[in-house]
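Colleague: Attaching a predicted model along with its sequence, questions to come.
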There are 2 protein chains.
Amino acid sequence: MKKLVSAVSGVLAGFLAATVFFADFTNIGSQSSAEDSTNKSNAEKVYVPFGKLDEYYLFASGGHSGQMFIYGVPSMRHIRTVPVFSPDSATGYGFDKHSKELMGDYTWGDLHHPAFSETNGDYDGKWLFATDVGNSRAAVMDLKTFTTKDIINVPNTSGPHCAAFVTENTEYMFLPTRFAVPIGREYASLDDYSQKYRGVMSAVTFDEKTEKLNIAYQVALPPWSYDLSDAGKKMSKDWAVMTTYNTEEATTNLEINASQADRDYIILFNWKELEKMVADGKYENITGQKMIFPEKQKGGIYLVPVAKSPHGVDVTPDGTRFIASGKLAPSMTVFSFEKAFEAIKNKDFAGDRNGIPILKYESVMEREVNPENALGPLHTQFDDKGMAYTTMFISSEIVKWDPNTGETLDRVPVQYSPGHSVAAEGDTVSPDGKYIIALNKIAKDSYLSVGPSHPESMQLIDLSGDKMEVIQSAPVNPEPHYAQMIKADKLNPLKIYPKEENRPDSVWKQEDTRIERKGNEVHVYGVALRSKFIFDAKAERPDVIEVNEGDKVFIHLTNIDLDQDITHGFAINSYNLNMEVQPGQTNTLEFVADKAGTYPLYCTNFCSALHQEMTGYFLVKPKK
Amino acid sequence: MKKLVSAVSGVLAGFLAATVFFADFTNIGSQSSAEDSTNKSNAEKVYVPFGKLDEYYLFASGGHSGQMFIYGVPSMRHIRTVPVFSPDSATGYGFDKHSKELMGDYTWGDLHHPAFSETNGDYDGKWLFATDVGNSRAAVMDLKTFTTKDIINVPNTSGPHCAAFVTENTEYMFLPTRFAVPIGREYASLDDYSQKYRGVMSAVTFDEKTEKLNIAYQVALPPWSYDLSDAGKKMSKDWAVMTTYNTEEATTNLEINASQADRDYIILFNWKELEKMVADGKYENITGQKMIFPEKQKGGIYLVPVAKSPHGVDVTPDGTRFIASGKLAPSMTVFSFEKAFEAIKNKDFAGDRNGIPILKYESVMEREVNPENALGPLHTQFDDKGMAYTTMFISSEIVKWDPNTGETLDRVPVQYSPGHSVAAEGDTVSPDGKYIIALNKIAKDSYLSVGPSHPESMQLIDLSGDKMEVIQSAPVNPEPHYAQMIKADKLNPLKIYPKEENRPDSVWKQEDTRIERKGNEVHVYGVALRSKFIFDAKAERPDVIEVNEGDKVFIHLTNIDLDQDITHGFAINSYNLNMEVQPGQTNTLEFVADKAGTYPLYCTNFCSALHQEMTGYFLVKPKK
C-alpha cells in the first residue's frame, strides 16, 4: 500500500484542533471578470431591490436549533425559519394536534444535511429530506407549503449524521450513523464495543401519495463512525459512497485514539444489490426491522482505504468519480468508479475488515491532490464545468481545482473555518456554477458582537468571473452544517390552502360553526376571519368558549380568509397554547382545561387594522 | 366637545380591516440629497463589506415566536435570535437548569414592545425589557451577554400589551393590560363584565445588582383594553400616557362593538403620585399585590378624550407633547402636557368615567393633524430635529410631519401595512435621525414565496436626504411588533465569561473533574475543551458517564476554552437534552435517567477540526 502523506499526527491533530489558522490570500480573488464586475460593485451584485426577487433559494440546515433556515440568494436575506424537529410557537408547530403528534416525545433535534428530492439526478423542487443527529429521526418537508409532512424515529440507530443524500430518482435516502450502539440499543459495556456495538445504516423510502417515510431495511455495519455520504450518478447510479472514521474502534478520547491509523475507509455499496438481498429474504428481523449483516451476506458492500479521518465524500456530476477529503491529511483523493467496478469484478481484494472485502487503494485511486499549504479539506461541491470546490477548515479558504488533472485553479479566503459549502445545484448531475456559499463555523469579529458566542457565518462567493470573489457575508443562527441551493423557478409554492369542503373538522360558513359536547369532551368547530373568531354563530357571544374545569377541549379552527398572506393566530392567555391557521387551513388544538378561571383568547398574527379587536374569552367554570 | 372627523364608521371599519390599500406615491421619495445619494446607490448605502461593522443594533420583538431578533443596520442582516419566552435548543435555553427554572411551566410567549433601559431619558445600553402578552410575563435581557436574566409572572393581569416603556431613569416599567379579567383571574360571567372585570396596570422595578424584576404595585383600571403607552420626558418625566379602546366595555364582537363610541381615552398618570399612595398605604392587598383603586384613591390618574380606538401614543423628545394615533380615524392628535397640567391644577374636568376625572378635550388638545388620504395612523417616532414619523397601516406609508405646525413634510410608501416603526434612538430625549424602519405586517410578493404564509417585512428608510427613501427590505420571522434601534458603540458585550474560580459547580482544571454519587443522585463536574469532554480525569474512560436507571443526574459542565466564539454544545442522543456552554460559562443539565441503554453524547456546536471526535457515552444500567 502506498504510504500516504499524513501531515497531521495524532498529537499535532490536537494542536490544530485548538487553533484556527487564517490564511492570507488577499492578493487572490480581488480581480474579477470584465463582464460581471466592471459594471457592478459587490454591493450591487447582492442587492435585490423591492419588486425583484432573489434568484435562488438556500435551504440551510439549522443544526441543533432543529429547524430549517430559508435564505434568498444573492441577497442572503433570511426569509423564513421552517420548524422541523423543534417546536415553534410562532407557527404553532408542536402545539397543534398534528405537529404535536409528529414530534412525539421530543422537543428538539439536531438537523444535519438536507437533501432535495431528485428526478434523474436533478433537483425536482418537490420535497426536502433531513435527519436529526440528536434524537435519531428523519423528516420530510413539502416545498409547496414549506411545512414538515412526516417524521420517523429510526430504531436500532444513533445519530444519522452520514445523511441525507438521496439516490438519483429518490428511491432511497440512506441514514448511516455517526455513533455505534449495541443492536437494539440495550445497555452494553464499552469493553464489549467491538463485539456488541454496530453502526447501522437505514434505507428510508418516501411515499409521495401518503406523504409518509418508511424504513425499507437496515444494514449492520462495523462499529465505526460514518460521517458523510453521497449517492452515485449516471454510470454509478446504483451505488453510494460514505466516509468512516474511528475504524480504530476506540471507546474513549477519540480526539487522539480515533486518529491513530493512517487510513480509514470509504464504504462503497450497491443499493440495488442490498434491495435484492431483502427481496431474497437475506436479512434478520431485529426489533421489527429487516437487518442485513454484511459479514454474512456478501456482495453489496466494499471498503476503499482512504487518508485518515475523512469528512466529505462527493460524487462528480458525471458520476465517474468520487472525491474524499482527508480532514487530518492535506489531501483530496480522487477515486474512479470504473476502476472500483473493475476491481470488484476481478475480486482484486486486499483481504477484509469485519467480513467486508477491502479494495486495493492503488486499484481504485486515480489521484491525490495536495494544494500547497491547504489544510483541513472537508467537503467538495461542483460547478457547471465539472470543476471542484473544496472547503479547507484549517486554512480557512475554498480551493477550486480540476478533478481531471488535480490542478489548483483558484483559492479564496473565507472568514473563518468553513465546514461544508454549497454551490448552486452543486451536488446534482447538472450544477449551475454562478454561486458557492461557504458555511463558516467561526464568525468572531465579522458582525456586531452578540456576546461571547457569535453567530455562524455564510459567505456568498461569485463564480462568474475569472476569480472567485466573496461578495456577501450573512450571519446565521446555530448552525448550518450543509445546505441546498435551488433555482427559484423550480419551486411552485401554494398561494393559499385549497378550500376542501370535505376536510375533516373544517367549517367554511359562519353559520355552520358550533360547539359540541360529548360527555366531558368539548369540540369547537370555529372559523377565523378578519377580524373575529366565530365558534358558534348562534350563541349570544359567538367568540366565547365556556367549558368546565377538567373538560377535554378540541378547538378546530379554519381560516376562511382565502387571501394570500392573511394568516391568523389563536392563543389562550396563560394557557400556554398558540397555533396558526394559514389562509384556507384547518388546525386543531387538543388540551385539558385544567385551570378554572377567565382566560382571554386572541389572534396572535397581525391580520388587519382591527387585529387588536380579534379577541374573545375562554371561560373555565370551576369544579364544585 | 368638538366633533371629531371620524372617517371610519363601525361598518366601514370592518371593510377596511378586510382590505389592504396600497397607496401610490411613486413620485415621492425617489429624489434624494446630493450629499448622500449622488455618490452612493441604495445598494452601496446598505452594504457592509467584510471588515466593517453595522452602525446600529436593531432589537425587534419576535411576537409569538417568544424571542428577540437582533439585526444589524444598515445591512439589515439577521445576526442572532435571543431566546426569551420560548425554549431554544440551539442555545439550550429552556433545557439547562437555570433557564428551565426561569421559564417555569410555559413553553412559549408573545413578545411585544421591547424597551431599553434609560438614564436621563437616553438609552444606556445596559438592559432590554420585554413583555409576554401570551402568558402575562415580563423579562429582562442583559446586553453584555445577550441572555435573559429574569422572567416574572404578573399576577392579576392578562396580556400586558400596553408595555414595556420605562421611565426616564428606569425607575419603573409599567405593564397595563390589553385584556380585562376578574381581579384574581377567577371565573366570572361576562354578564358581570363592567362590575367584576378590570384592566390592571403593574409597576415593575428592576434591581441591577440582583438582576431581578419585582412588582412594586398594581393599579386596578376600568375594564377597557390598554394598547400602547409611553413615559414622559423632561418636564413630563413624572408622568406617563397610554391609549385605551373598548371603553364601550363590549364583551363580544369587538370588531364592531368596540368601535361604536366616537371617542376613547388617553390615560394620563403621575407615577410619583402613585408611588406616594403606596408609601402612604393607600392600597389594598390583592393576592399578595399592593393594588391601588383609582376610584377610591384620587389624584394620580386622569382621562383625556381622543379619536376612537387609538393605537400608539408617543411623547415628543422634548417631553412637551404627546401624540395619539387614531387607528379608526384619519387623525394624529397632538396634546400638550402643559395644558394638561394646567387643567388638572384648575380641576377643569368634564365629569368622570369609572371614578376617574375626564379632562376636557379642548383644554388639552393642541392640534389635529389629517394628512390627505392618509389612513390608519398607528405609531409615531421622532428624528433629531423633533419631526414626527407616523406609520399608516391602511394607506401603507410613513408620513413625516411637524408636530409644531401639523404640516406634512414628506410621505413614502412601504410594502405593506406598517404597524410600528422604529427610528434610530427614536423614542429617547435625543433621537439620531438618519434611519427609520417600517415594521410591515404584510410581505405578500416582496420575497421568494415560502408558502401561503409569508414572512413579515422590515424596510429601512434613509432619513439623511431631503426625501425619505426606502433603501432595503428585510424579511423577518413572525412577528416584530416594535423594536429598538441603538448606536452600536453604546453596547459593550462580553468577549468571554470571566473565569470565576468560586462559581458554584464550576471546574477549571482537568484534574478536578469528578463524578460524585449521593444516594440515587449523580453529580458530574466536567469540563468541555477542544476537542473532548472530561467528566472524570481519573477514570479509564474520562468521557463516559455511567448511571443506574432511575438515577437523578446533574451534569455541571464548564467550558474551559477561554477563547472568543469557541462555544461547545452537549447533547445525549435520544435523551431529548441539549445545552451549550459559551467560553468560560458553566451550565447544568438536571434530569432523571429514565431509559436504560447506551446513549452516545456529543458536542453539538462545531468547535474545531476534531469536533466530530468530541463524543463519549452515557450508559444507563437497567434496573434488575
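Modeller: Arrived safely.
Colleague: so for stretch A:253-260, what's the average pLDDT?
Modeller: If you average the pLDDT over stretch A:253-260, you get 94.
Colleague: May I have the distance across it, first residue to last?
Modeller: Terminal residues of stretch A:253-260 lie 12 Å apart, using CA to CA, to the nearest Å.
Colleague: How about stretch A:175-195?
Modeller: Distance between the two ends of stretch A:175-195: 22 Å, counting by CA to CA.
Colleague: How about stretch A:251-268?
Modeller: 25 Å.
Colleague: now do stretch A:500-516
Modeller: Stretch A:500-516: ends 22 Å apart by CA to CA.
Colleague: How far does that stretch sit from its chain's centre?
Modeller: Averaging C-alpha positions (CA atoms, centre = their mean, to the nearest Å) puts stretch A:500-516 37 Å from its chain's average.
Colleague: Just confirm yes or no for it near chain B.
Modeller: No - for a cut-off given as CB under 8 Å from any CB of the partner chain, stretch A:500-516 has no contacts with chain B; the smallest distance is 11.9 Å. Where you see a C-beta, it was placed from the backbone N, CA and C, and this is true even at glycine.
Colleague: Can you tell me what sits against that stretch?
Modeller: Outside of stretch A:500-516, the residues within contact range by CB atoms under 8 Å, 6 or more residues apart in numbering or on different chains are A:499, A:522-527, A:529, A:534-539, A:542, A:545, A:556, A:558, A:560, A:586, A:588.
Colleague: Of the residues you listed, keep whichever come out buried.
Modeller: Burial by neighbour count, 16 or more other CB atoms under 10 Å in any protein chain shown: within those this picks out A:522-527, A:529, A:534-536, A:539, A:542, A:545, A:556, A:558, A:560, A:586, A:588.
Colleague: Run through those and flag the ones next to chain B.
Modeller: Under the cut-off given by CB under 8 Å from any CB, chain B has A:Pro542 from the buried ones among the contacts of stretch A:500-516 close to it.
Colleague: Please flag which of the buried ones among the contacts of stretch A:500-516 sit within strands.
Modeller: A:522-527, A:529, A:534, A:545, A:556, A:558, A:586, A:588 (DSSP state E).
Colleague: Test for you: state the pLDDT assigned to the residue nearest the centre of chain A.
Modeller: Ranked by distance to the mean C-alpha position of chain A (CA atoms, centre = their mean), the top residue is A:Pro114 at 2.5 Å. At A:Pro114, the predicted lDDT confidence score is 97.
Colleague: measure it to chain B for me?
Modeller: Per CB to the nearest CB, to the nearest Å, A:Pro114 is found 15 Å from chain B.
Colleague: Please give the element, helix or strand, for that residue.
Modeller: strand A:111-119 (DSSP states H and E).
Colleague: just the ones in strands among the buried ones among the contacts of stretch A:500-516 now: which is nearest B:Ala60?
Modeller: Distances from B:Ala60 to these, taken as CB to CB, are shortest for A:Leu529 (27.9 Å).
Colleague: mind checking how far the closest one is from A:His611?
Modeller: Relative to A:His611, A:Leu529 is positioned 12 Å away (CB to CB, to the nearest Å).
Colleague: Next: A:Phe533.
Modeller: Between A:Phe533 and A:His611 the distance, using CB to CB, works out to 12 Å.
Colleague: more neighbours, the two?
Modeller: A:Phe533 (25 against 22; other CB atoms under 10 Å in any protein chain shown).
Colleague: what pLDDT does the closest residue in space to the more buried one that isn't next to it in sequence get?
Modeller: Nearest non-adjacent residue to A:Phe533, counting by CB to CB, 6 or more residues apart in numbering or on different chains: A:Asp543, 4.8 Å away. Here the pLDDT value assigned to A:Asp543 is 98.
Colleague: Likewise for A:Thr19?
Modeller: pLDDT, A:Thr19: 42.
Colleague: Repeat that for A:Lys487.
Modeller: Looking at A:Lys487, its pLDDT reads 98.
Colleague: Next up, the contacts around the residue nearest to it when sequence neighbours are not counted.
Modeller: In this structure, A:Lys487 finds its nearest non-sequential neighbour in A:Tyr56, 6.1 Å apart by CB to CB, 6+ apart. Applying CB under 8 Å, 6+ apart, we find A:Tyr56 in contact with A:Gly72, A:Val73, A:Pro74, A:Ala424, A:Tyr435, A:Met485, A:Ile486, A:Lys487, A:Ala488.
Colleague: Now render these as CSV, adding distance to B:Gly184 and secondary structure.
Modeller: Below are those laid out as CSV (distance: CB to CB, whole Å; DSSP: H, G, I helix; E, B strand; the rest coil):
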residue, distance to B:Gly184, secondary structure
A:Gly72, 50, strand
A:Val73, 54, strand
A:Pro74, 56, coil
A:Ala424, 60, strand
A:Tyr435, 60, strand
A:Met485, 56, strand
A:Ile486, 55, strand
A:Lys487, 59, strand
A:Ala488, 54, helix
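Colleague: can you name the two of the residues you listed that are farthest apart?
Modeller: Longest span within those, CB to CB: A:Pro74 and A:Ile486, 14.1 Å.
Colleague: before we move on, the earlier item: mind saving the C-alpha coords of the strand holding A:Pro114 as PDB?
Modeller: What follows is strand A:111-119, C-alpha atoms only, in PDB (Å, rounded to 0.1, in the frame of the first residue of the first chain):
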ATOM      1  CA  LEU A 111     -30.800  18.900  11.900                       C
ATOM      2  CA  HIS A 112     -27.900  18.000   9.600                       C
ATOM      3  CA  HIS A 113     -27.500  17.700   5.800                       C
ATOM      4  CA  PRO A 114     -30.700  18.500   4.000                       C
ATOM      5  CA  ALA A 115     -31.300  16.800   0.600                       C
ATOM      6  CA  PHE A 116     -33.800  17.800  -2.100                       C
ATOM      7  CA  SER A 117     -35.800  15.100  -3.800                       C
ATOM      8  CA  GLU A 118     -34.300  14.300  -7.300                       C
ATOM      9  CA  THR A 119     -35.500  13.100 -10.700                       C
END
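Colleague: picking that back up, from the ones in strands among the buried ones among the contacts of stretch A:500-516, which is closest to B:Glu186?
Modeller: Closest to B:Glu186, out of all of those and judged by CB to CB, is A:Ile545, at 17.4 Å.
Colleague: List the beta-bridge partners for the closest one.
Modeller: Taking DSSP bridges, one obtains A:Phe618 as the residues bridged to A:Ile545.
Colleague: now swap in A:Phe591 and tell me
Modeller: Beta-bridge partners, per DSSP bridges, of A:Phe591: A:Val553.
Colleague: Same check on A:Arg321?
Modeller: When assigned by DSSP bridges, A:Arg321 has beta-bridge partners A:Ser336.
Colleague: For it, list the residues it contacts.
Modeller: Here A:Arg321 is in contact with A:Val315, A:Val334, A:Phe335, A:Ser336, A:Phe337, A:Glu366, A:Pro403 (CB under 8 Å, 6+ apart).
Colleague: Count the neighbours of A:Lys385 for me.
Modeller: A:Lys385: 10 neighbours (other CB under 10 Å).
Colleague: now it: how far from A:Leu409?
Modeller: Taken as CB to CB, the span from A:Lys385 to A:Leu409 is 10 Å.
Colleague: Same check on A:Asp280?
Modeller: From A:Asp280 over to A:Leu409 (counting by CB to CB), the distance is 47 Å.
Colleague: Name the residue in the two with the higher neighbour count.
Modeller: Shown here are A:Asp280 and A:Leu409; by other CB under 10 Å, A:Leu409 has more neighbours (16 against 9).
Colleague: isn't that one right up against A:Ile398?
Modeller: No - when contacts are counted by CB atoms under 8 Å, A:Leu409 is not listed as touching A:Ile398 (11.2 Å).
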